[in-house]
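A.B. asks: got a sequence here, can you model it:
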Amino acid sequence: MCELEASLRRAGVEATLNGQIGAVDAVLRGTAGRRRSRTQRTVLRPHRGRLWWWLRVPPEEANAPYLTPLAPAAEPAAVARRIRGLLTAVQD
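C.D. replies: Numbers count the residues shown, from 1 in each chain. Purely as a prediction, here's the structure:
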């Protein structure tokens with residue numbers, strides 16, 4: 001299990017690692033039917049000479065899928081905190 005996957009689980013977010021493409025899918029399940037599940041894919045890619053986790057923005061939120069840098073791979077707790085914040089901030 002990668003450090004980001006473990007950090008997400010500690011933050012109460014389900015996480016699935018895809019080692020073939022260097023991605024982690026984070027899923028925050030809806031509670032008591034009040035909101036639907038939210039998913040965020042994060043991929044590991046080079047940025048500024050280091051490895052960073054990048055957010056993959058899904059096509060329904062943009063004209064086409066694109067990536068935006070999130071944080072260095074060496075800071076998995078910070079990445080998990082930001083992903084959880086994104087998933088909980090979205091209200092249906």
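
A.B. asks: can you pull out the helices in this protein?
C.D. replies: Secondary structure of the chain (DSSP state H): helices located at 3-10, 76-89.

A.B. asks: show me what the last one is packed against.
C.D. replies: Using 3 or more C-beta pairs under 8 Å, 6 or more residues apart in numbering; DSSP states H and E as the contact definition, the elements that helix 76-89 packs against are helix 3-10, strand 23-28, strand 38-47, strand 50-57, strand 66-72. Just so you know, the C-beta spots here come from the backbone N, C-alpha and C atoms, and that holds for glycine as well.

A.B. asks: contact partners of the longest one?
C.D. replies: If I follow you right, that is strand 38-47. Residues from elsewhere that reach strand 38-47 (C-beta atoms under 8 Å, 6 or more residues apart in numbering): 4, 21-28, 30, 51-56, 58, 67, 69-70, 73, 79, 83, 86-87, 90.

A.B. asks: any of these buried? List them.
C.D. replies: Buried residues within these, counting neighbours by 16 or more other C-beta atoms under 10 Å: 4, 22-26, 28, 52-55, 70, 73, 79, 83, 87.

A.B. asks: closest to T16 out of these?
C.D. replies: Nearest to T16, judged by C-beta to C-beta, of the buried ones among the contacts of strand 38-47 is D25 at 4.7 Å.

A.B. asks: let's see the pLDDT reported for that closest one.
C.D. replies: Per-residue pLDDT puts D25 at 94.

A.B. asks: relative to G49, how far out is the residue nearest to it when sequence neighbours are not counted?
C.D. replies: Nearest residue to D25, sequence neighbours excluded (C-beta to C-beta, 6 or more residues apart in numbering): T16, at 4.7 Å. Distance, T16 to G49, using C-beta to C-beta, to the nearest Å: 29 Å.

A.B. asks: re earlier: JSON lines for the helices of the chain, including mean pLDDT and distance to R41?
C.D. replies: Below are those laid out as JSON lines (pLDDT from 0 to 100; distance: least, C-beta to C-beta, whole Å):
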{"stretch": "helix 3-10", "mean pLDDT": "94", "distance to R41": "12"}
{"stretch": "helix 76-89", "mean pLDDT": "92", "distance to R41": "10"}
